[in-house]
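[1] one predicted model, sequence on top.
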Amino acid sequence: MAFVTTAEVCDANQELIRSGQLRALQPIFQIYGRRQIFSGPVVTVKVFEDNGLIRQFLEEKGNGRVLVVDGGGSQRCAILGGNPVVQAQNNGWAGIVVNGCIRDVDEINGCDIGVRALASHPIKASKKGLGEQRVPVNIAGARICDGEWVYADTDGILVSQIELSV
């Protein structure tokens, strides 16, 4: 989907929007990382103020996937930092969408990966590994399931039940 904007995807897929197969996330995310445009199949993680499961996933080969993290919208600590993002970049992840906070913003902004998060926060999360993986998550007004597709650019983030070709 090189150089096709999310706005163009919406314009070309009105029926998918009406049917709910294509959803736009509410515009609550800040843009981080050097890759402002990214897309890929979704892997979901649900955690709260703990980043153990996030780190586990990002240690795997990404193969162009997008990790969608429901951090419960917590703004009391960062559930993603620079080291895991560098690892994600090196392992071939296309992007990470975090319903929560990140830290090490300068380091993340130097990485060739797309990151969306609510805000930055200097306090780190716990590393107990608590949470759920590959479960439906509800963030920014949309339900997102493992295996769906994310399309992100500077206009916003779309979630589709199927891979789109425009």
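    That came in fine, so what should we check first?

[2] any stretches of this structure with poor pLDDT?
    Within the chain, the stretches falling below the threshold (pLDDT under 70) are 1-3, 166.

[3] residue nearest the centroid of it?
    V97 (1.7 Å; Cα atoms, centre = their mean).

[4] who does that one bridge with?
    For V97, the beta-bridge assignment (DSSP bridges) gives partners V68, R116.

[5] for the chain, what spans make up the helices?
    Across the chain, reading from the start of the chain, the helices by DSSP state H fall at 6-12, 14-19, 52-58, 82-90, 105-109.

[6] who touches the third one?
    This means helix 52-58. Contacts of helix 52-58 from elsewhere in the structure, counted by Cβ atoms under 8 Å, 6 or more residues apart in numbering, are 43, 45, 47, 67, 69, 79-80, 84-85, 87-88, 91, 93, 96, 126-133. Where you see a C-beta, it was placed from the backbone N, CA and C, and this is true even at glycine.

[7] buried ones only from those residues, please, as a PyMOL command.
    Selecting only the buried entries of the contacts of helix 52-58 in PyMOL, with 16 or more other Cβ atoms under 10 Å as the criterion:
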select buried, resi 43+45+47+67+69+79+80+84+85+87+88+91+93+96+131
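
[8] what's the distance between A117 and D11?
    27 Å (Cβ to Cβ, to the nearest Å).
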